[in-house]
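build me a model from this:
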Amino acid sequence: MDTFTISNCLKVTIKSLDQVLSYKLTAVPDVLGKTGKRGYCTNENMEMKFDPEGGTNCTEPLPMIF
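The predicted structure is shown next:
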């Protein structure tokens, strides 16, 4: 299993309508090496990166396969 977290949210309200301007979404393995080996991150720009150590320090670009 993985743990998913949304953080660094920036929200504004315009005319009673909430708009999220930025966020960071992370997914990390619950048990490193057993339920997964990498941590994954994305943001409002859909930049997908991973942490080869399984945490949230996502510095490596995730190769896109089409």
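
okay, the residue nearest to E53 when sequence neighbours are not counted: pLDDT?
Excluding its sequence neighbours, the residue lying closest to E53 (CB to CB, 6 or more residues apart in numbering) is G39, at 7.3 Å. For the C-beta atoms, the positions are set from N, CA and C on the backbone; glycine is no exception. The model reports G39 with a pLDDT of 96.

now swap in I14 and tell me
In this model, I14 is scored at 93, pLDDT.

do I65 as well
We have a pLDDT of 78 for I65.

separation between it and S7?
The gap separating I65 from S7 is 27 Å, by CB to CB, to the nearest Å.

before we move on, what about P29?
Between P29 and S7 the computed distance is 18 Å (CB to CB).

who has more neighbours out of I65 and S7?
More crowded of I65 and S7, by other CB atoms under 10 Å: S7, with 10 against 4.

ok so, going back, number of residues surrounding the residue nearest to E53?
22.

may I have the phi/psi pair for the spatially closest residue to L32 that is not a sequence neighbour?
Take L32 and drop its neighbours on the chain: the residue closest to it by CB to CB, 6+ apart is G54, 4.3 Å away. Backbone torsions of G54, given as degrees, to the nearest 10, read phi 90, psi 10.

could we number from 58 for the rest of this?
All right, first residue 58 from here; so that's G111.

hmm, G111 is touching G96, no?
Yes: G111 is within contact range of G96, at 5.2 Å (criterion: CB atoms under 8 Å).

no more questions from me, cheers.
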